[in-house]
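K.L.:
what shape does this take:
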Amino acid sequence: MGKKIFETEFKVRDYECDIQGIVNNANYMHYTEITRHEFLESIGISFLKCHLAGIDPVVARADLRYKTSLTCGDSFLSSLTVEQKGPKIIFHQTIRRKSDGAVCCIATVEVATLVNGKLSRGEYFEEKLWDWL
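P.N.:
Sure thing, here's the model as predicted:
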């Protein structure tokens, strides 16, 4: 499959920062998750509807690399490209500060799909991703 970029914008909220005045590392995982959910929603995939149908995408692996810290009030862009390798959906994600384009975090997140609690070959999402790509 080819790659195409999805992007959304956020603003750092004060409670996401630690005592050092920078975004706590765990929040970057939240930002990447929200971006994936927004992307899936934009191509017509509802997590609730999937779950009710017995289809559950789950994170199997996440690798986040922190480059530059975000601080309170920073606006940033969170983007992703996606590919499918066998049963895995792989999201390549980047968080950039909007004011100067500085890369703050690079993430690779691998997702597996369970159907009725059992690992699937990813057919459900493959169809939807092909339409988007």
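K.L.:
ranges for the helices of the chain?
P.N.:
For the chain, applying DSSP state H gives helices covering 25-42, 47-52, 123-132.
K.L.:
out of these, deepest packed?
P.N.:
Ranked by mean neighbour count, the helices of the chain are led by helix 25-42 with a mean of 17 (mean count of other Cβ atoms under 10 Å). Yep, even glycine has a C-beta here, placed from its N, CA and C like the rest.
K.L.:
got the contact list for that helix?
P.N.:
With contact meaning Cβ atoms under 8 Å, 6 or more residues apart in numbering, helix 25-42 is reached by 6, 8, 10, 16, 46-47, 57, 62, 64, 66, 76, 78-80, 82, 91, 93, 95, 104-105, 107, 109, 111.
K.L.:
out of these, which are buried?
P.N.:
Buried subset of those (neighbour count, 16 or more other Cβ atoms under 10 Å): 6, 8, 10, 16, 57, 64, 66, 76, 78-80, 82, 91, 93, 95, 104-105, 107, 109, 111.
K.L.:
next one: the helix-or-strand element of the chain with minimal mean pLDDT to chain centre, how far?
P.N.:
The weakest-scoring helix or strand in the chain, judged by mean pLDDT, DSSP states H and E, is helix 123-132 (a mean of 71). Centre-to-centre, helix 123-132 and its host chain are 17 Å apart (Cα atoms, centre = their mean, to the nearest Å).
K.L.:
no further questions, thank you.
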